[in-house]
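**Student:** Sequence first, then the predicted structure, then my questions.
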Amino acid sequence: MIGLAVLPLEGMPEIEQDDDLAGLLHEAAERAGGLGAGDVVVVAQKVVSKAEGRIVHLKDVEAGDFARANAAGQDPRHLQVILDESTRIVRMRPPFVIAETAHGFVCGSAGVDASNTPGDGTLVLLPVDPDASAQALRRRLSELAGVDLAVIVSDSFGRPWRHGTTDVAIGVAGFSPVRDLRGVRDRTGYELRSTRIAVADEIACAAELVMGKTEGIPAAIVRGLRLGGEGTARELVMPPERDLFR
């Protein structure tokens with residue numbers, strides 16, 4: 001690595017269902033100087049979900065007994081959507097919910113979000129398959145730009161024992177999301193036994209610094225990394241047998 005650059009992709013319109021997201025990302029990248037070989041395009045989950053139609057209108061939701069009993073003054077239909085997107089409730093302090101999704105992610109509200117939605121009374125859900133979303137964007141962007149690149153679909157996750165959210169990779173295409181250093185010796189000769197670096201999450205965090213949550217910048221280019229391999233974001237999910245907190 002000779003240096004790292006993080007470039008915001010500005011000037012993109014509000015994304016709606018069935019928009020050509022890859023085309024709009026490519027146009028924004030052209031305004032920023034174009035895409036290069038080896039670039040990582042980090043795209044906020046929210047715009048991917050909007051383009052894929054992962055929107056729920058509360059008027060179409062009927063809350064069940066559990067949602068009504070645990071809404072704690074909030075709209076029980078919102079909680080019902082969270083429950084519908086969950087495979088397991090990990091912790092709950094009504095109305096706040098930590099849940100496991102069908103993807104295996106453990107996160108607040110099962111990834112259901114009421115911010116930056118198309119309008120009042122709407123919620124945005126996670127993509128059905130964020131890795132497939134990343135792969136489709138990578139394929140199309142590579143065609144448009146004529147270079148081989150990588151894509152991350154990112155989302156904000158909270159962290160136990162730490163204030164503040166950070167972005168993580170929920171979809172990956174074009175590189176291995178984890179750098180495995182097990183068996184490598186450090187400068188003193190000590191053999192690393194468990195060190196695995198979540199490279200995809202680190203890249204997502206770097207991109208978020210120029211994207212923000214309120215600036216209307218849904219994507220960024222991270223440039224200067226030497227990445228290799230192939231993989232998916234599912235490799236970042238801790239398997240149950242190694243999870244000390246389940």
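**Tutor:** Sure thing, it's come through.

**Student:** Then Arg68 would be within a helix, right?
**Tutor:** Yes: assessed by DSSP: H, G, I helix; E, B strand; the rest coil, Arg68 belongs to a helix.

**Student:** now it: how far from Leu125?
**Tutor:** Noted for Arg68: a distance of 21 Å to Leu125, by CB to CB, to the nearest Å. All C-beta spots, glycine's among them, are computed from the backbone N, C-alpha and C.

**Student:** Tell me the pLDDT of the spatially most central residue of the chain.
**Tutor:** Closest residue to the average C-alpha location of the chain: Ser154 at 2.4 Å, with CA atoms, centre = their mean. Note on Ser154: pLDDT of 97.

**Student:** Over to Arg196?
**Tutor:** At Arg196, pLDDT is 78.

**Student:** Read off the pLDDT value for Thr214.
**Tutor:** On the pLDDT scale, Thr214 gets 68.

**Student:** same question, the one 4 residues further on
**Tutor:** Per-residue confidence at Pro218 stands at 96 (pLDDT).

**Student:** for the helix or strand bottoming out on mean pLDDT in the chain, packing partners?
**Tutor:** In the chain, no helix or strand scores lower on mean pLDDT, DSSP states H and E than strand 179-180, which sits at a mean of 76. Applying 3 or more CB pairs under 8 Å, 6 or more residues apart in numbering; DSSP states H and E, one finds that strand 179-180 contacts strand 196-197.

**Student:** try 10 Å this time
**Tutor:** Strand 179-180 sits against strand 196-197, helix 199-211, with contacts defined as 3 or more CB pairs under 10 Å, 6 or more residues apart in numbering; DSSP states H and E.

**Student:** Sheet partners, orientation included, of it?
**Tutor:** Applying DSSP bridges, strand 179-180 is found paired with strand 196-197 (antiparallel).

**Student:** from the chain's centre, how far out does the strand it pairs with sit?
**Tutor:** 18 Å (CA atoms, centre = their mean, to the nearest Å).

**Student:** contact partners of that strand?
**Tutor:** If you take CB atoms under 10 Å, 6 or more residues apart in numbering as the criterion, strand 196-197 is touched by 177-182, 235-236.

**Student:** what about 6 Å?
**Tutor:** 178-180 (CB atoms under 6 Å, 6 or more residues apart in numbering).

**Student:** and what of stretch 70-82?
**Tutor:** Residues contacting stretch 70-82 (CB under 6 Å, 6+ apart): 56, 58, 61, 63-64, 67-68, 94-95, 97, 109-110, 112, 123.

**Student:** May I have it as PDB, with CA atoms only?
**Tutor:** In PDB, the C-alpha atoms belonging to stretch 70-82 read as follows (Å, rounded to 0.1, in the frame of the first residue of the first chain):
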ATOM      1  CA  ASN A  70     -44.200  -4.400  24.000                       C
ATOM      2  CA  ALA A  71     -44.400  -1.300  21.900                       C
ATOM      3  CA  ALA A  72     -43.800   0.900  25.000                       C
ATOM      4  CA  GLY A  73     -45.600   3.900  23.600                       C
ATOM      5  CA  GLN A  74     -44.200   3.500  20.100                       C
ATOM      6  CA  ASP A  75     -46.200   2.400  17.000                       C
ATOM      7  CA  PRO A  76     -46.700  -1.400  17.500                       C
ATOM      8  CA  ARG A  77     -46.700  -1.800  13.700                       C
ATOM      9  CA  HIS A  78     -43.000  -0.700  13.700                       C
ATOM     10  CA  LEU A  79     -42.200  -3.400  16.200                       C
ATOM     11  CA  GLN A  80     -44.100  -6.000  14.200                       C
ATOM     12  CA  VAL A  81     -42.000  -5.300  11.200                       C
ATOM     13  CA  ILE A  82     -38.900  -5.800  13.300                       C
END
